[in-house]
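> just to be clear, the model below is a prediction. Sequence and coordinates:
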Amino acid sequence: STNIILIAATNRPDILDPALLRPGRFDRRVILDNPDIRGRAAILEVHSEGKPLEKSVKLQTIAKQTPGFSGADLANLVNEAAILSARRKLKKINLSSLLESIDRVIAGPARNSRIITEKERSLTAFHEAGHALVANHMPSADPVHKISIIARGQMGGYTRYLPDEDRYIQTVGQFEAMIATAMGGRVAEKLQFGEITTGASNDIETATKVANQMVTKYGMSEKLGLRTFGKKQDAIFLGKEISEQRDYSSKTQELIDKEIDKLLEKGKQNAEAILLKYKAELILLADYLLEHETIDGEEMITL
């Protein structure tokens with residue numbers, strides 16, 4: 001007769017003791033994913049309430065450019081835009097401040113004080129131009145939204161992609177485009193300077209992770225068939241790492257490695273074919289970045 005309802009929240013429902021989730025205990029589970037475009041627009045409305053926005057600002061435009069943002073990210077975005085506008089001695093928050101804030105939330109504030117050599121600037125420009133051109137010529141790749149060689153956080157530069165709509169499933173073609181696009185930076189460096197650098201380490205890690213998931217998680221390897229490999233065992237106790245229980249033989253492990261290598265090599269070859277064919281565009285885009293430091297997707301296509 002006390003009518004007590006107990007509510008709890010967790011970011012890791014996968015490691016809860018099953019006894020907690022039996023009927024009569026925590027028996028109703030409500031999933032709170034990151035918001036879709038309508039949710040993002042509504043959240044931006046809430047956080048911009050009481051803040052002076054210019055009339056030309058359309059929050060729907062910002063919502064379109066922030067897929068994957070959580071409510072906290074969006075709140076941070078609006079606050080950063082307000083701070084930027086105040087620093088620029090503006091009376092109202094304009095679109096430029098909001099767009100700059102998206103970059104700040106994703107990659108951190110611009111490190112304008114960072115001193116780099118002209119050789120490094122040139123390497124960065126060709127690296128980012130390589131990513132962008134491969135994405136632009138891969139039919140299944142997300143459209144390029146912005147390219148920058150301004151250092152942010154730990155990155156010397158970055159290329160941002162923006163899907164046409166929120167996506168909840170991925171195709172083989174999209175995964176292959178991700179791998180080729182990730183390889184584009186390394187391939188462009190090799191093509192232009194005849195050597196490779198450490199700048200592509202994160203790209204290689206990303207490409208390897210995508211290829212691994214295609215083979216071991218999504219059944220996208222013809223040789224290995226429609227099955228998954230490896231059972232994840234998540235640590236219930238703090239201080240222990242997630243481990244994987246192997247449910248396959250050493251021979252199968254060799255096949256998995258070969259299939260991953262094949263996907264990575266195919267991505268590299270796709271990137272090489274595009275950048276060799278469009279080398280004049282690569283040089284043009286890199287030169288533009290060296291002069292202007294930033295270019296958006298529409299300007300890139302016009303160029």
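The structure has been received and is ready for your questions. Numbers count the residues shown, from 1 in each chain.
> elements contacting the helix or strand containing Thr252?
Assigned by DSSP states H and E, Thr252 belongs to helix 250-277. Contact partners of helix 250-277 among helices and strands, from 3 or more Cβ pairs under 8 Å, 6 or more residues apart in numbering; DSSP states H and E: helix 118-137, helix 172-193, helix 201-216. Yep, even glycine has a C-beta here, placed from its N, CA and C like the rest.
> need those in TSV (columns: mean neighbour count).
Formatted as TSV, the helices and strands packed on helix 250-277 follow (neighbours: other Cβ atoms under 10 Å):
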stretch	mean neighbour count
helix 118-137	23
helix 172-193	23
helix 201-216	18
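> can you put those in a markdown table and add distance to Gly225 and mean pLDDT?
Output for these, formatted as a markdown table (distance: least, Cβ to Cβ, whole Å; pLDDT from 0 to 100):
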| stretch | distance to Gly225 | mean pLDDT |
| --- | --- | --- |
| helix 118-137 | 30 | 95 |
| helix 172-193 | 15 | 96 |
| helix 201-216 | 11 | 94 |
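> need those in JSON lines (columns: distance to Thr66).
As requested, the helices and strands packed on helix 250-277 are exported to JSON lines (distance: least, Cβ to Cβ, whole Å):
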{"stretch": "helix 118-137", "distance to Thr66": "19"}
{"stretch": "helix 172-193", "distance to Thr66": "20"}
{"stretch": "helix 201-216", "distance to Thr66": "20"}
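> report the angle between the helix holding Thr252 and helix 118-137.
Taking axes from the mean of the first three to the mean of the last three Cα atoms, to 10 degrees, one finds helix 250-277 and helix 118-137 inclined to each other by 100 degrees.
> of all the helices and strands packed on helix 250-277, which one is nearest Ala9?
Ranking the helices and strands packed on helix 250-277 by proximity to Ala9 (Cβ to Cβ) places helix 201-216 first, at 27.8 Å.
> now that closest one, how far from the chain's geometric center?
Centroid displacement of helix 201-216 relative to its chain, using Cα atoms, centre = their mean, to the nearest Å, is 13 Å.
> packing partners for that helix?
In terms of contacts (3+ Cβ pairs under 8 Å, 6+ apart), helix 201-216 is packed against helix 172-193, helix 250-277.
> okay if I get those helices as TSV plus distance to Asp142?
Formatted as TSV, the helices and strands packed on helix 201-216 follow (distance: least, Cβ to Cβ, whole Å):
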stretch	distance to Asp142
helix 172-193	8
helix 250-277	15
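> nearest to Arg28, of these?
Each of those has some distance to Arg28 by Cβ to Cβ; the shortest is helix 172-193, at 34.4 Å.
> hang on, the earlier thing: in the helix holding Thr252, which residues are buried?
Judged by neighbour count using 16 or more other Cβ atoms under 10 Å, the buried positions of helix 250-277 are 255-256, 259-260, 263-264, 267-268, 270-272, 274-275.
> now do that helix and helix 201-216, the angle between them.
Using the same axes, to 10 degrees: helix 250-277 against helix 201-216 is 130 degrees.
> helix 250-277 vs helix 172-193, what angle?
60 degrees.
> distance between helix 250-277 and the chain's centre?
Distance of helix 250-277 from its chain centroid, counting by Cα atoms, centre = their mean, is 21 Å.
> now do stretch 173-181
13 Å.
> who's in contact with that stretch?
Here stretch 173-181 makes contact (Cβ atoms under 8 Å, 6 or more residues apart in numbering) with 131, 134-135, 138-142, 161, 206-207, 210-211, 213-214, 220, 263-264, 266-268, 270-271, 274.
> let's see 6 Å
His131, Val134, Ala135, Met138, Ser140, Ala141, Ala207, Val210, Met214, Gly267, Asn270, Ala271 (Cβ atoms under 6 Å, 6 or more residues apart in numbering).
> farthest pair within those residues?
Maximum pairwise distance among the contacts of stretch 173-181 (Cβ to Cβ): 20.0 Å, between His131 and Met214.
> about what we covered before: Pro109: which of the contacts of stretch 173-181 is nearest?
Nearest to Pro109 out of those is His131 (Cβ to Cβ; 21.8 Å).
> who touches that closest one in this structure?
Counting by Cβ under 6 Å, 6+ apart, His131 has contacts Thr159, Thr181, Gly184, Gly185.
> is it possible to get the buried residues of helix 250-277 out as CSV so that each row also shows distance to Thr302 and pLDDT?
Listed next are the buried residues of helix 250-277 as CSV, based on distance: Cβ to Cβ, whole Å; pLDDT from 0 to 100:
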residue, distance to Thr302, pLDDT
Leu255, 46, 94
Ile256, 44, 94
Glu259, 40, 96
Ile260, 38, 96
Leu263, 33, 96
Leu264, 33, 97
Gly267, 28, 97
Lys268, 29, 96
Asn270, 25, 97
Ala271, 23, 97
Glu272, 26, 97
Ile274, 19, 97
Leu275, 20, 97
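> and of those, the nearest to Val46?
Of all the buried residues of helix 250-277, Gly267 has the smallest distance to Val46: 41.2 Å, by Cβ to Cβ.
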